[in-house]
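>>> with the input below, show me the fold.
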Amino acid sequence: MKVTVNDRPVDACATEETTLRELLDELRRSGQIPAGQVIVGLASEGRPWGVQDFEVQLGAPLRGVGSLAIDTTDLPGYGRRILADADSMLGVVCEAASEISRQFRAASPQEASTHLYNLLDTLQRFLFCLAQVKNMCLPDAPDSLLETPATSRLTDALDSMQACQEAEEWQGLADRIDDGLLPALEGFHGVVASLGDAF
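Numbers count the residues shown, from 1 in each chain. This is a model prediction of the structure:
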């Protein structure tokens, strides 16, 4: 099997029965993946692996894999990548929230509620990304980087939205999205920037 790390060919004693975990452990032990480096990309035969591929293959034999390209970066680089993704995700969340508000105003509560559920799931992943950067890449930075007025505003907005949804007050829910959720989300651009500045 041909293995590269950051486009540099490396020696790897890998057979078709070697698992990805075993291969990565060997590359770390031999120093071919330097200490402190985080894997940020994998590709086989030029096809990038998604998160699912990685999870499935981690403990499985690498049968049929002729080449494996591994990309790594240091913790600050990893953190900056996550923050760039998080900032893009925040833009998508804001657009989706505006559309959901319009749906509630247009008296389409069932469709809007489904979209709201998906929005909250994405929002949870966004907040997890920020926490991951803080805990993994900036463990010595103050907690105030995440415990900001934007966080408090978001909690208040979500509580008021939940109350409206439980009471089936759809116009009120749309108001809470426009006047509470969206301004709170906009405040997270500053949170992302503050985390970036902490590197």
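
>>> pretty sure Leu24 contacts Ile33?
Yes. With contacts counted by CB atoms under 8 Å, Leu24 reaches Ile33, the gap being 6.9 Å. Every residue, glycine included, has its C-beta placed from N, CA and C.

>>> any shared contact partners between the two?
The contact sets of Leu24 and Ile33 overlap at 39, 70 (CB atoms under 8 Å, 6 or more residues apart in numbering).

>>> mind checking which of those two has more residues around it?
Ile33 (21 against 17; other CB atoms under 10 Å).

>>> sec struct for the nearest residue to the more buried one once chain neighbours are set aside, please.
Among residues not flanking Ile33 along the chain, Leu27 sits closest, at 4.4 Å (CB to CB, 6 or more residues apart in numbering). Leu27 falls in the helix class when you classify it by DSSP: H, G, I helix; E, B strand; the rest coil.

>>> also Glu168?
In terms of secondary structure, Glu168 is coil; the call rests on three-state DSSP.

>>> that one and Ala106, how far apart?
Glu168 is 15 Å from Ala106, where distance means CB to CB, to the nearest Å.

>>> got the buried residues for the lowest-mean-pLDDT helix or strand in the chain?
When each helix and strand of the chain is scored by mean pLDDT, DSSP states H and E, helix 51-57 comes last, with a mean of 74. Residues of helix 51-57 classed as buried by neighbour count (16 or more other CB atoms under 10 Å): Gln57.

>>> then that helix to CSV, C-alphas only?
C-alpha atoms of helix 51-57 as CSV (Å, rounded to 0.1, in the frame of the first residue of the first chain):
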residue,chain,number,x,y,z
VAL,A,51,-16.5,11.3,8.6
GLN,A,52,-18.6,8.2,8.1
ASP,A,53,-15.8,6.5,6.0
PHE,A,54,-13.3,7.2,8.8
GLU,A,55,-15.6,5.8,11.5
VAL,A,56,-16.4,2.7,9.5
GLN,A,57,-12.8,2.0,8.5
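
>>> which residues sit against it?
Under CB under 8 Å, 6+ apart, the answer for helix 51-57 is 19-20, 42, 49.

>>> now the element after it, going C-ward?
Note on helix 51-57: by DSSP states H and E, the next helix or strand toward the C-terminus is strand 67-73.

>>> so what strands line up beside that following strand?
Neighbouring strands of strand 67-73 in its sheet, by DSSP bridges, are strand 2-5 (parallel), strand 38-44 (antiparallel).

>>> and the residue most central in space within the chain, what helix or strand is that in?
When CA atoms, centre = their mean is applied to the chain, the residue found nearest the centroid is Cys129 (4.5 Å). Taking DSSP H and E as the criterion, the element that holds Cys129 is helix 109-132.

>>> how distant is that helix from the center of its chain?
The offset between the C-alpha centroid of helix 109-132 and the centroid of the whole chain comes to 12 Å, using CA atoms, centre = their mean, to the nearest Å.

>>> returning to what we had before: my read: the residue nearest to Ile33 touches Ala12, true?
Yes. Counting by CB under 8 Å, a contact exists between Leu27 and Ala12, whose distance comes to 6.4 Å.
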